[in-house]
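1. model this:
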Amino acid sequence: MGLGRYVVEAVVVEGRSVGEVARQHGLSRSWLYKLIARYRQGGLTALEPRSRRPRSCPRAYGPELQAAIISLRHDLAAAGHDCGPHTIAHHLTLAFGSAPSVATIWRILRRAGLISPQPHKRPRSSWVRFTAELPNELWQADSTHWRLADGSDVEILNLLDDHSRLLLAADACTVVTAGDVLQTFCAATHIHGYPASLLTDNGAVFTGRSRRFKVMLEAELERLGITSKHSRPYHPQTCGKVERFHQTLKKYLAKQAPAPSLAVLQLQLDTFRLYYNQQRPHHALHGQTPLTAFHARLKARPSPALPATEYRVRRDRVDACGRVTLRYFSRLYHVALGRAHKGERVTLFVADRTVRVVGPDGDLIRELTLDPSRNYQPLGHPRLVSDVVRQVSTMS
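-> Model prediction:
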């Protein structure tokens with residue numbers, strides 16, 4: 001039994017005065033008179049607590065706008081694009097010149113059953129974030145896997161600007177190689193300029209540090225004065241922006257017809273790149289598009305390149321054909337030493353393209369300048385004097 005019913009029946013049934021009951025229970029007389037009036041009009045059910053919800057809201061949006069918000073939500077989701085309240089507000093502003101607040105759009109979607117509140121798993125204060133101050137100050141690159149319509153696996157190489165989130169490149173490859181990475185990077189720099197630094201993971205196409213040599217991309221970055229940065233092993237959070245972008249890209253591709261070939265997949269990537277850079281508002285950019293943020297500020301530039309020489313020491317055994325192998329810019333070369341040295345343990349001293357091969361006793365076996373156009377570096381024995389004399393006599 002509630003207090004309201006108790007005090008009302010104390011006055012109506014027991015016949016006590018309103019002032020006495022109000023003083024005994026610390027209530028106001030006016031409130032008690034209201035309860036008695038409600039009881040005489042509607043009985044005991046009228047004493048139940050009433051809703052405080054307003055009967056009308058003059059600022060409520062009409063059903064037409066609510067239907068437009070729900071329709072836009074379905075259209076964006078069907079196309080594989082982001083369909084959150086911020087994106088919907090952006091598109092409504094472009095279409096009608098104004099839009100409800102993000103909170104209002106969120107409540108409309110929640111009432112329609114299109115959003116389920118999800119509490120954060122960790123507080124925002126625990127997140128450690130970094131963002132480049134200027135465009136072209138830092139680029140991020142990474143590759144991700146995808147499947148064609150026939151089930152074959154392919155890879156997509158993505159290149160992203162850290163400051164503006166501009167998608168610089170999205171190239172489809174059967175398998176991403178060091179040459180593909182360099183080609184994509186050079187094509188992006190031709191359009192957007194050179195970055196001051198490049199951040200990647202420790203994949204074999206990005207760095208040869210674990211194998212004690214430089215891949216083609218590292219050599220080109222060093223030549224241009226661009227700082228090469230790599231994430232800590234098994235810590236993808238360092239490249240978090242491009243890693244998160246993979247999820248956005250795959251969400252879009254999952255809504256498209258499965259690509260039967262690399263050419264069709266590349267066409268889908270180019271279409272998404274155009275929408276992502278020029279139309280899609282980015283939440284981290286306060287609703288700006290990546291292209292707008294990229295051109296809003298001055299661009300960073302790489303530091304002046306310094307002449308650098310790559311020094312390596314490699315030990316190898318001469319094979320049965322009298323050759324040893326050497327990797328230079330991710331390409332394998334064969335250096336001929338002669339069959340007389342087969343089976344010997346040799347040491348290769350490499351200074352860029354200058355190679356010195358030393359035998360087990362410290363004697364110099366061969367010194368050469370590597371020719372990048374030839375996979376097999378010939379031994380190049382000079383012709384014997386008798387051969388030269390025979391050739392001269394023949395000519396005379």
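
2. and the one helix or strand F272 maps to, what's its mean pLDDT?
-> Following DSSP states H and E, one finds F272 within helix 262-278. For helix 262-278, mean pLDDT is 96.

3. same deal with stretch 290-306?
-> 88.

4. buried ones in that stretch?
-> Residues of stretch 290-306 classed as buried under the neighbour-count rule (16 or more other C-beta atoms under 10 Å) are P290, L291, T292, A293, F294, K299, A300, P302. Using the backbone N, CA and C atoms, a C-beta is placed for each residue, glycine as well.

5. quick revisit: now do the helix holding F272: which elements does it pack against?
-> With contacts taken as 3 or more C-beta pairs under 8 Å, 6 or more residues apart in numbering; DSSP states H and E, helix 262-278 sits against strand 153-161, strand 167-173, helix 240-254, helix 290-294.

6. quick one: that helix to strand 167-173, angle?
-> Orientation of helix 262-278 against strand 167-173 (axes from the mean of the first three to the mean of the last three C-alpha atoms, to 10 degrees) gives an angle of 170 degrees.

7. ok, Y275 - contacts?
-> H81 (C-beta atoms under 8 Å, 6 or more residues apart in numbering).

8. that one and L138: what is the separation?
-> Distance of Y275 to L138, given as C-beta to C-beta, to the nearest Å: 24 Å.

9. how far off centre is the helix holding F272?
-> 16 Å (C-alpha atoms, centre = their mean, to the nearest Å).

10. can you give me the angle it makes with strand 153-161?
-> Going by the same axes, to 10 degrees, helix 262-278 makes 20 degrees with strand 153-161.

11. single out the most deeply packed of the helices and strands packed on helix 262-278.
-> Comparing the helices and strands packed on helix 262-278 by mean neighbour count (mean count of other C-beta atoms under 10 Å), strand 167-173 ranks first with a mean of 22.

12. taking helix 240-254 as reference, get the angle to it.
-> Strand 167-173 and helix 240-254 are oriented at 60 degrees to each other (the same axes, to 10 degrees).

13. export only the CA atoms of strand 167-173, formatted as CSV.
-> What follows is strand 167-173 as a C-alpha-only set of coordinates in CSV (Å, rounded to 0.1, in the frame of the first residue of the first chain):
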residue,chain,number,x,y,z
LEU,A,167,43.3,7.6,-49.3
LEU,A,168,46.4,8.1,-51.4
ALA,A,169,46.2,4.7,-53.1
ALA,A,170,44.3,1.4,-53.1
ASP,A,171,45.8,-1.1,-55.5
ALA,A,172,44.7,-4.7,-56.1
CYS,A,173,47.5,-7.2,-56.6
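
14. average model confidence for it?
-> When pLDDT is averaged along strand 167-173, the result is 96.

15. to the chain's geometric centre, what's the distance from that strand?
-> Remark: strand 167-173 is offset 12 Å from the chain centroid, using C-alpha atoms, centre = their mean.

16. closest to the centroid, which residue in this structure?
-> V242 (1.5 Å; C-alpha atoms, centre = their mean).

17. how about the helix holding F272: buried residues?
-> Buried residues in helix 262-278, counted by 16+ other C-beta under 10 Å: V264, L265, Q266, Q268, L269, F272, R273, Y276, N277.

18. between those residues, which is nearest V13?
-> Y276 (73.2 Å; C-beta to C-beta).

19. what's near enough to touch the closest one?
-> By C-beta under 8 Å, 6+ apart, Y276 lies in contact with L167, T248, P290.

20. any idea where the strands of the stretch 51-200 of the chain begin and end?
-> For the stretch 51-200 of the chain, the strands defined by DSSP state E, counting those that start in this stretch occupy 139-147, 153-161, 167-173, 197-200.

21. out of those strands, which is closest to P281?
-> Here strand 167-173 is closest among these (C-beta to C-beta), at 14.3 Å.

22. and the closest one, what does it pack against?
-> strand 139-147, strand 153-161, helix 178-192, helix 262-278.

23. give me the angle between the first one and helix 262-278.
-> By that I understand strand 139-147. Orientation check (the same axes, to 10 degrees): strand 139-147 against helix 262-278 gives 140 degrees.
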